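Visitor: need a 3D model of the following:
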Amino acid sequence: MKSLYFFTFLFLFLGCSPGEKNKGQLTGILQDLPSIEGRAEYISSPYVTAGDRVYMVGQQDGSFQEIGWHIKGEMGGIWNHPVKLMDGFSARLIHQGDSLSLEKADRFVNYPMANVLEYYPEAIPMKIKRLQVVPDGKQGIIIQYLFSNSGNKDLEFDFEFTAFSDLRPTWLGEETGMHDTLDIVTFEENLAIFKDQANPWFSVVGSENRARELRETHTHYSRQGAAAALVYPLKVKAGEEQILNLVISGSYNGKEQALETFNEIRDQVVSLVTTKKKRYQQLASRSKLNIPDSSIAEAFEWLKYNSDWLVRTVPEIGTGITAGIPDYPWWFGVDSEYALKGYMAIGQWEPALRTISLLDSVSEAENGNGRIIHEMSTNGKVFNPGNINETPQFASLIWETFLWTGDREFLEKYYPTVKKGLQWLMDEKDTNKNLFPDGFGMMEIHGMDSEMIDVAVYTQRAFEDAAQMAVVMGDSKVAAYYRDLAEKLKTKINNEFWSEEFKSYADFIGTDEQALRLIKDAIIRADTLNKPWAIEELKRTAEKIRNSPSDKPRPFVLHHNWVVNTPMEMKVADSLKAIQALQTAEKFVNPYGVFVTGIDRDESAGKEEGSFKGSKVFSYTGAVMTLPTGVQAIAENNYGRPEMALDYLKRMTRTFSYALPGSMYEVSPDYGMIVQAWNIYSFAIPIVQQFFGVRPRAHEKLVKVTPRMPETWSDVSLMNVAIGDNTISVYYTRKDSLETLTVTQENPGWTIELNLPGPGTIELTEGTGETSVRADSVLYRSKSQKVTLRRKIP
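Guide: Prediction:
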C-alpha cells in the first residue's frame with residue numbers, strides 16, 4: 001500500500017498537468033482565512049506555529065535563534081512537551097554548483113492556524129513559499145515548500161533540508177528523573193530518525209518524495225544534539241509550480257509512535273489542514289463582533305485564535321491552557337483564573353473546563369487542602385504550590401464558569417474544593433484574624449508579602465461568589481456565613497485600605513519597618529530608571545513614617561502597583577472612592593496601557609511610544625502590560641465610564657501586530673511573551689459582559705443583557721454567544737433619541753431580560769413579555785425567540 005502511494009505521488013508531482021499537480025498546495029486552503037503581514041523591522045523576531053501537542057517557535061525570517069531564559073537559549077525550536085524535538089532546521093537550493101540559502105525570508109505572513117514565509121532570490125527566476133502548520137492532536141508538524149518558476153526555462157536543482165535535533169527535557173525535567181544525553185541519528189527507508197541515547201525520545205524527519213541523499217552533518221546548536229541533511233532532487237517547469245512536503249514528528253514514548261505519527265501526517269496532509277481550518281472558522285464564528293472600531297474588532301478576533309494557540313495536551317498529565325509562549329508553555333493557576341473567564345465568553349469552553357479539571361486535580365495531589373497551585377511544568381513538577389490570591393480567584397472562576405454552563409454536576413464537583421480552599425485561606429493565612437490573608441498576591445516584589453490589596457479584594461469576591469454557590473447547593477447556613485464575611489470584607493477594604501492622601505487604595509497593609517525597607521529598595525529602583533519624581537515621593541513617605549511612627553500595621557502607598565485598581569475591577573470600591581481612584585490611575589499610563597508598577601512611569605505620565613527597552617536579563621521592571629490595562633478597562637466600565645474603558649482597549653490595541661502579526665505581546669508593545677493567555681480576559685470581559693452587557697445565568701435559563709456602549713458604538717452586534725444549551729445574538733443601535741436592543745436566541749423558552757440603563761420611555765417591545773420603566777432604566781423580560789426593546793431617550 002505504501003509503495004502504491006509513493007508511485008501515485010510521483011505521478012501527481014512529476015507527470016501530470018499543472019492543475020492536478022497542485023491539488024496538495026496548502027496556500028490555497030488558507031486563501032479565505034484572514035492573514036496579517038509582518039513588519040519588516042520585526043522580521044528577525046519570533047513567531048509560533050501552534051498546536052496542542054507540538055508547536056514551533058522560530059524567527060519570522062525563517063531562522064531559528066537560541067532564545068528564552070527558563071532553559072537558557074532553549075525555549076525556541078520544536079517542542080513536544082515534556083520533551084523538545086528540534087532546535088530548528090535550515091534549507092538551501094543547490095543549482096548549477098551554486099548554493100542558495102533559505103535562511104532569510106523576505107516576507108512573513110501569519111494566518112490563524114499557519115505561517116507562510118516567502119523568499120525572492122535574485123540568483124534564479126523563482127519565488128519560494130514555506131508554509132508550516134501543526135495538525136490538531138498530532139505530535140508532528142507539516143512544512144510545505146512551494147517553488148514557482150517565473151522564468152522561461154525549466155529549473156532543475158537539489159533541495160537540501162537540514163534538521164537539528166535537540167531531544168531534551170523541559171524545565172524542571174531533571175527533578176522528575178528526565179536527564180538529557182547525546183542524540184544519535186540513523187537513516188531508515190528515506191527517513192532521518194533521531195534518538196536520545198538514554199531515553200525513548202525520538203524525532204522523525206522526512207518526505208513522501210524520495211531523497212537523493214541522507215547524511216549526518218554538523219549542528220551548531222546544542223552540544224547534545226545531532227543533525228541530518230536530506231537532499232531532494234526537484235524539477236520545476238517554466239511558468240509552473242512544484243511542492244515538496246516535509247514532516248517532522250516525535251514521541252517521548254518510543255520510535256514506533258513517532259513513525260506512526262509521521263506516516264499518518266504524511267498520508268493526510270490536505271485533510272488534516274482542512275480539518276484544522278474548519279475548526280478555526282468555528283472559533284471565529286463564536287461571539288462574533290461587529291463594531292465601528294475595526295482595529296479592536298480585528299484584535300478581538302485574533303485573540304480567539306491566540307487563545308487556541310495556548311492549549312497544551314500532555315496525555316499522561318492532562319490538557320490545559322498555558323500562560324504564554326515561548327517561556328511559559330506550561331500551566332498556571334492565576335493566569336488561567338483570569339484567562340478562562342474570557343474563554344467562556346468567547347465560547348471556548350472545552351479548554352476552559354479541562355484546565356479547571358487539571359488545576360483541581362494537581363492542586364489536590366500537591367496540597368490536599370484546597371490551595372490552588374501557581375505553576376507546574378509539563379513534566380508534572382509543581383514549582384510553586386500557590387500564591388495567596390490564586391485560591392480565592394479559583395472560587396470565582398468556578399462560579400463564573402457555572403453561570404455560563406448551568407452544569408450542576410460541574411458545581412457539585414468543585415464546590416468542595418472551593419469550601420476547603422476558603423477554609424485553608426482563613427485558617428492558615430489570616431494570622432491576626434482580621435479577615436485579610438497574609439502573603440504574596442500578584443505582585444511578587446521581594447518583601448511584599450503581608451496583607452496585599454489584591455488578595456483582600458479577590459478574597460472578598462470569593463466569599464460573595466461562594467455564597468451564591470452555596471445557595472444553589474442548598475447549603476443555606478454556609479451561604480449566610482459566606483455572605484456575612486463578604487459584606488464585612490467589603491467594608492473593611494474601603495475603610496482600612498483607602499488612602500485619602502493619595503486618593504488611592506494602598507498597595508498593602510504592613511509594619512513601618514517593612515514599609516521603610518521596601519521604600520529603600522524602591523528608591524534604588526526609581527534611581528536606576530531615572531524617575532526623580534518617584535524618588536522624591538518615596539523620600540517624603542519615609543519621612544512621614546519616621547515622624548509619625550505606628551506600632552500597629554497600617555496601609556501604605558509606595559509602588560502604585562496596578563493591583564490597587566482591583567477594588568474597582570471587582571466592584572468592591574465605594575462609588576466615590578472608585579471615581580477618585582480611577583482618576584488617580586490615569587497618571588500611571590503610557591500610550592500602550594497601565595504600568596505594572598506605577599513608580600516606573602515617565603514623569604509626564606508616559607507619553608513616549610516605541611519599543612520597550614527591556615533589560616538583557618528578563619525583567620518586568622518598567623513594564624506596561626495587557627493584564628493591568630484590561631483590569632483598568634473593566635474597572636472603568638463597572639462605574640459607568642465606558643469611554644474611559646474604550647480608551648484603555650485602544651491603548652492595548654496599539655500593540656496588536658506590533659511585532660508578531662496577529663498577536664499581542666505580554667509586555668507592551670514588544671517584550672516578553674509573544675502570545676499571552678490573559679489577553680482574552682482584558683478584551684472579552686469589557687466587550688462581551690460590559691459593553692454588550694451579556695450576563696448569563698444558565699442554571700436559571702436566564703440571560704440578562706444590559707449594554708452600556710461607548711458613544712461611537714451606535715450600530716453594533718455580537719453574534720453566536722454560547723450560554724448553556726442556548727446561543728444568543730445581540731444587536732444594538734442608537735440613532736438620534738432612539739435606542740434599540742434586540743436579542744435572538746436559538747432555544748426559545750429561556751428568559752431574556754433586556755435592560756437599557758438611564759431614564760427614558762418604552763417605544764416598542766417585540767415578543768411576548770413584561771415591561772417596566774424605572775427612574776434609572778427601562779426593562780423588558782420575554783421568552784420569545786426574538787426580543788426587542790426600543791426606548792426613547794429624553
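Visitor: please identify the buried residues of the lengthiest strand in the chain?
Guide: Taking DSSP state E as the criterion, the chain has its longest strand at strand 155-169. Within strand 155-169, the residues scored as buried using 16 or more other Cβ atoms under 10 Å are 155, 157-169. Any C-beta I mention is one placed from the backbone N, CA and C, and that applies to glycine too.
Visitor: assign residue 695 to helix, strand or coil.
Guide: strand (DSSP: H, G, I helix; E, B strand; the rest coil).
Visitor: tell me how many other residues surround the spatially closest residue to it that is not a sequence neighbour.
Guide: Distance criterion Cβ to Cβ, 6 or more residues apart in numbering; nearest residue to residue 695, sequence neighbours excluded, is residue 704 at 4.2 Å. Using other Cβ atoms under 10 Å, residue 704 has 16 other residues around it.
Visitor: how about residue 697?
Guide: With other Cβ under 10 Å as criterion, residue 697 counts 19.
Visitor: closest to residue 253 among the buried residues of strand 155-169?
Guide: Nearest to residue 253 out of the buried residues of strand 155-169 is residue 167 (Cβ to Cβ; 12.6 Å).
Visitor: doesn't residue 87 make contact with the closest one?
Guide: No - Residue 167 lies out of contact with residue 87 (Cβ atoms under 8 Å); the separation is 10.2 Å.
Visitor: touching both of these two, which residues are there?
Guide: residue 225 (Cβ atoms under 8 Å, 6 or more residues apart in numbering).
Visitor: and the helix or strand hosting residue 584, what's its mean pLDDT?
Guide: Using DSSP states H and E, residue 584 falls within helix 575-585. Helix 575-585 comes out with an average pLDDT of 98.
Visitor: which elements pack onto the next helix or strand after that helix?
Guide: Using DSSP H and E, the helix or strand that follows helix 575-585 towards the C-terminus is strand 589-590. If contacts are counted by 3 or more Cβ pairs under 8 Å, 6 or more residues apart in numbering; DSSP states H and E, strand 589-590 sits against no helix or strand.
Visitor: strand partners (parallel or antiparallel) of strand 589-590?
Guide: If you go by DSSP bridges, strand 589-590 pairs up with strand 593-595 (antiparallel).
Visitor: just checking, what packs against the helix or strand just after the partner strand?
Guide: Counting by DSSP H and E, the next helix or strand C-terminal to strand 593-595 is strand 624-625. Under the contact criterion of 3+ Cβ pairs under 8 Å, 6+ apart, strand 624-625 touches strand 593-595.
Visitor: report pLDDT for the residue nearest to residue 75 when sequence neighbours are not counted.
Guide: Spatial nearest neighbour of residue 75, chain neighbours left out: residue 68 (2.5 Å); criterion: Cβ to Cβ, 6+ apart. Note for residue 68: predicted pLDDT of 95.
Visitor: before we move on, what about residue 609?
Guide: In this prediction, residue 609 carries a pLDDT score of 85.
Visitor: what does residue 173 give?
Guide: What the model reports as pLDDT for residue 173 is 94.
Visitor: ditto for residue 355
Guide: Each residue has a pLDDT score; the one for residue 355 is 98.
Visitor: tell me the SS of it?
Guide: Residue 355 is classified as helix under three-state DSSP.
Visitor: got the domain ranges for the protein?
Guide: Per the record, the chain has its domains at 2-280, 692-792, by automatic domain parsing.
Visitor: of all those, which one is nearest residue 558?
Guide: Among those, domain 2-280 comes nearest to residue 558, with 27.7 Å by Cβ to Cβ.
Visitor: one step back: now, which of the buried residues of strand 155-169 sits nearest residue 236?
Guide: When those are compared for distance to residue 236 (Cβ to Cβ), residue 155 wins out at 4.9 Å.
Visitor: separation between that closest one and residue 131?
Guide: Remark: distance between residue 155 and residue 131 (Cβ to Cβ, to the nearest Å) = 20 Å.
Visitor: now swap in residue 719 and tell me
Guide: Distance of residue 719 to residue 131, given as Cβ to Cβ: 31 Å.
Visitor: before we move on, what about residue 137?
Guide: According to Cβ to Cβ, residue 137 and residue 131 sit 20 Å apart.
Visitor: equivalent analysis for residue 293, please.
Guide: The gap separating residue 293 from residue 131 is 31 Å, by Cβ to Cβ.
Visitor: what do you get for residue 546?
Guide: 65 Å.
Visitor: give me the element the closest residue to residue 314 other than its chain neighbours is part of.
Guide: Excluding the flanking residues, the one nearest residue 314 by Cβ to Cβ, 6+ apart is residue 378, at 5.1 Å. Secondary structure assignment for residue 378, by DSSP H and E: no helix or strand.
Visitor: could you do residue 192 as well?
Guide: For residue 192, the host element (DSSP H and E) is strand 191-196.
Visitor: returning to that earlier point: in terms of neighbours, single out the busier of residue 546 and residue 131.
Guide: Taking neighbours as other Cβ under 10 Å, residue 546 and residue 131 compare with residue 131 leading, 25 against 10.
Visitor: just say helix, strand or coil for the more buried one.
Guide: What three-state DSSP gives for residue 131 is strand.
Visitor: so what's the closest residue to residue 192 other than its chain neighbours bridging to?
Guide: The shortest distance from residue 192 to any non-neighbouring residue, by Cβ to Cβ, 6+ apart, is to residue 228 (3.8 Å). Beta-bridge partners recorded for residue 228 (DSSP bridges): residue 163, residue 216.
Visitor: just residue 98 next, same as before
Guide: residue 95.
Visitor: other residues contacting stretch 773-780?
Guide: 753-762, 765, 769-772, 787, 789, 791.
Visitor: again but with stretch 143-156, I slipped
Guide: With contact meaning Cβ under 8 Å, 6+ apart, stretch 143-156 is reached by 24-27, 89, 91, 95, 124-132, 159, 233-248, 269.
Visitor: next: stretch 499-514.
Guide: Residues from elsewhere that reach stretch 499-514 (Cβ under 8 Å, 6+ apart): 436, 443, 447-448, 450-453, 493, 496-498, 545, 549-550, 553-561, 563-565, 567, 573, 577, 580-581, 583-585.
Visitor: so where's this structure uncertain?
Guide: Confidence mapping of the chain against pLDDT under 70 gives the ranges 1-23, 616.
Visitor: rerun that using 80 as the cut-off
Guide: 1-23, 222, 444-449, 603-608, 614-618 (pLDDT under 80).
Visitor: residue closest to the middle of it?
Guide: The chain has residue 677 as the residue nearest its centroid, 1.7 Å off, counting by Cα atoms, centre = their mean.
Visitor: residues in contact with that one?
Guide: Listed by Cβ under 8 Å, 6+ apart, the contact partners of residue 677 are 307, 310, 321, 322, 323, 324, 335, 336, 338, 339.
Visitor: quick one on the thing from earlier: can you give the strand pairings for the strand holding residue 192, parallel or anti for each?
Guide: The strands that strand 191-196 pairs with in its sheet are strand 183-188 (antiparallel), strand 202-207 (antiparallel) (by DSSP bridges).
Visitor: deepest in the core, which of those strands is it.
Guide: Among the strands paired with strand 191-196, strand 202-207 has the highest mean neighbour count (mean count of other Cβ atoms under 10 Å), at a mean of 28.
Visitor: compute the inter-axis angle for it and strand 155-169.
Guide: Strand 202-207 runs at 170 degrees relative to strand 155-169, counting by axes from the mean of the first three to the mean of the last three Cα atoms, to 10 degrees.
Visitor: skip ahead from the helix or strand containing residue 491 and say which helix or strand is next.
Guide: Per DSSP H and E: residue 491 is located in helix 476-496. Note on helix 476-496: by DSSP H and E, the next helix or strand toward the C-terminus is strand 498-499.
Visitor: direction included, what does that next one pair up with?
Guide: Here strand 498-499 is paired, per DSSP bridges, with strand 504-505 (antiparallel).
Visitor: what's the spacing between the partner strand and its chain's center?
Guide: Using Cα atoms, centre = their mean, to the nearest Å, the mean C-alpha position of strand 504-505 is found 29 Å from that of the whole chain.
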